[in-house]
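S.K.: structural data only, the sequence is not supplied:
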DNA sequence: CCAAAGATGTAGCCTCAGCTACACTTGTCA
DNA sequence: TGACAAGTGTAGCTGAGGCTACATCTTTGG
């Protein structure tokens, strides 16, 4: 901080900046769904079952919160669940989960590739992944391939 | 998706995973403050004035929303503002803004360095920057230096 | 076979970050 | 100098995503 540099500040055009912030806000709202979808897919793939309480514990929230989120997943056509019978993903949900998992792995791999320690990479990826665009993802992929 | 790979899925330990998600949630709540602080600092540095309406237009929100956020900044001791007289940063606010700006630049530079196109880098950095830990930032810095 | 434990679901509350609508200041210029 | 436009502030709404408390269902072991 406070280097000798004069700190040239270049403000983006107003509409450009507004658009960027807007997109970021949108991304935020889908982040939660993505996390749930990915986690449900993982639980189904490993344990064979995705129960609200398990999901809640994994995410570190109360089971009531998890159930509300699951309702939202259902509303958005990403999951199905019958009372007391666990949660499953629809085709759309599976697709989302697969995409998210791939992206997550790519982000972690890139972080490791540029020298980020494993635990920090895993931690940060959890937040970062939701804000990585396709263009950036493609660039990560190329970068990782070309080494 | 659906590659030939068997997709080995390795679930992290439950408490580890819960902690990661928790940290990500916390980061979310500070993200907004960081954006406002950085923008206010930029406006003060370039135009000399940071008015609620300007801030709102730059962020793409209504002026009422901006004013509410500014109240929160004041509540957190990051900004000062007298009615009808513009917004200023406290010492703490300045510090935050400086840290955020440095981090932002580092994130953009790293994205560019791994081949992300400029516009995507600028866009994605807006969302990514809030989730980059100090450890990761340090790694970025080293990576950029060592080229 | 049924009682208790644990899982699930519901209700109601909170805060945050959006919004619109309306009221009030400020500053400018005819 | 005073009317009006632009900026500022306030009130009250929404939805999301947290929570606790309570009610209900399932499962399991004695």
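M.R.: Thanks, I have it. Since we're looking at a predicted model, the values are computed, not measured.
S.K.: quickly find the element holding residue A:36.
M.R.: Using DSSP states H and E, residue A:36 sits within helix A:14-46.
S.K.: report the inter-axis angle for that helix versus helix B:14-46.
M.R.: Counting by axes from the mean of the first three to the mean of the last three C-alpha atoms, to 10 degrees, helix A:14-46 points 180 degrees away from the direction of helix B:14-46.
S.K.: after helix A:14-46, which helix or strand is next?
M.R.: Following helix A:14-46 in sequence order, the next helix or strand is helix A:52-59 (DSSP H and E).
S.K.: related to what we said a few turns ago, any buried residues in the helix holding residue A:36, and which?
M.R.: A:17-18, A:20-21, A:23-25, A:27-28, A:31-44 (16 or more other C-beta atoms under 10 Å in any protein chain shown). C-beta coordinates here come from the backbone N, C-alpha and C atoms, glycine included.
S.K.: keep only these that also lie close to chain B.
M.R.: A:17, A:18, A:20, A:21, A:23, A:24, A:27, A:28, A:35, A:42, A:43 (C-beta under 8 Å from any C-beta of the partner chain).
S.K.: quick one: the first one and residue A:11 touch, right?
M.R.: What that stands for is residue A:17. Yes - with contact defined as C-beta atoms under 8 Å, residue A:17 counts as touching residue A:11 (7.4 Å).
S.K.: at the contact with DNA strand C, which residues of chain A appear?
M.R.: A:25, A:51-54, A:63-64, A:67, A:70, A:81-86 (C-beta under 7 Å from any atom of the strand).
S.K.: now, which of these sits nearest residue B:138?
M.R.: Each of the residues of chain A next to DNA strand C was scored against residue B:138 by C-beta to C-beta, and residue A:25 proved nearest at 28.7 Å.
S.K.: how near is the closest one to residue B:62?
M.R.: 13 Å (C-beta to C-beta, to the nearest Å).
S.K.: what of residue A:83?
M.R.: Where residue B:62 is concerned, residue A:83 sits at a distance of 41 Å (C-beta to C-beta).
S.K.: the two - which one has more neighbours?
M.R.: A side-by-side neighbour count of residue A:83 and residue B:62, using other C-beta atoms under 10 Å in any protein chain shown, places residue B:62 first with 12 against 4.
S.K.: got the phi/psi numbers for the more buried one?
M.R.: Dihedral pair for residue B:62: phi -70, psi 160, per degrees, to the nearest 10.
S.K.: excluding chain neighbours, what is closest to residue A:63?
M.R.: residue A:56 (4.3 Å; C-beta to C-beta, 6 or more residues apart in numbering or on different chains).
S.K.: by pLDDT, give me the weakest of the ones next to chain B among the buried residues of helix A:14-46.
M.R.: Minimum pLDDT for those is recorded at residue A:28 (92).
S.K.: burial check on residue A:80, number of neighbours?
M.R.: Burial measure for residue A:80: 15 neighbouring residues, criterion other C-beta under 10 Å.
S.K.: so who does it touch?
M.R.: A:74, A:87, A:88, A:89, A:90 (C-beta atoms under 8 Å, 6 or more residues apart in numbering or on different chains).
S.K.: try it again with 6 Å
M.R.: A:88, A:90 (C-beta atoms under 6 Å, 6 or more residues apart in numbering or on different chains).
S.K.: for it, give the beta-bridge partners.
M.R.: Note on residue A:80: beta-bridge partners residue A:88, judged by DSSP bridges.
S.K.: pLDDT at the residue nearest to residue A:63, what is it?
M.R.: 97.
S.K.: tell me which element residue A:110 is part of?
M.R.: With DSSP H and E as the test, residue A:110 turns up in helix A:91-113.
S.K.: what is the subsequent helix or strand relative to that helix?
M.R.: That would be, after helix A:91-113 and using DSSP H and E, helix A:118-128.
S.K.: circling back to that earlier point, burial count for the residue nearest to residue A:63?
M.R.: For residue A:56, using other C-beta under 10 Å, the count is 19.
S.K.: nearest residue to the middle of chain A?
M.R.: Centroid-nearest residue in chain A, with C-alpha atoms, centre = their mean: residue A:130, separated by 4.1 Å.
S.K.: can you read off the pLDDT for that one?
M.R.: The per-residue pLDDT of residue A:130 was computed as 98.
S.K.: excluding sequence neighbours, find me the nearest residue to it.
M.R.: Closest to residue A:130 by C-beta to C-beta, 6+ apart is residue A:31, at 3.9 Å.
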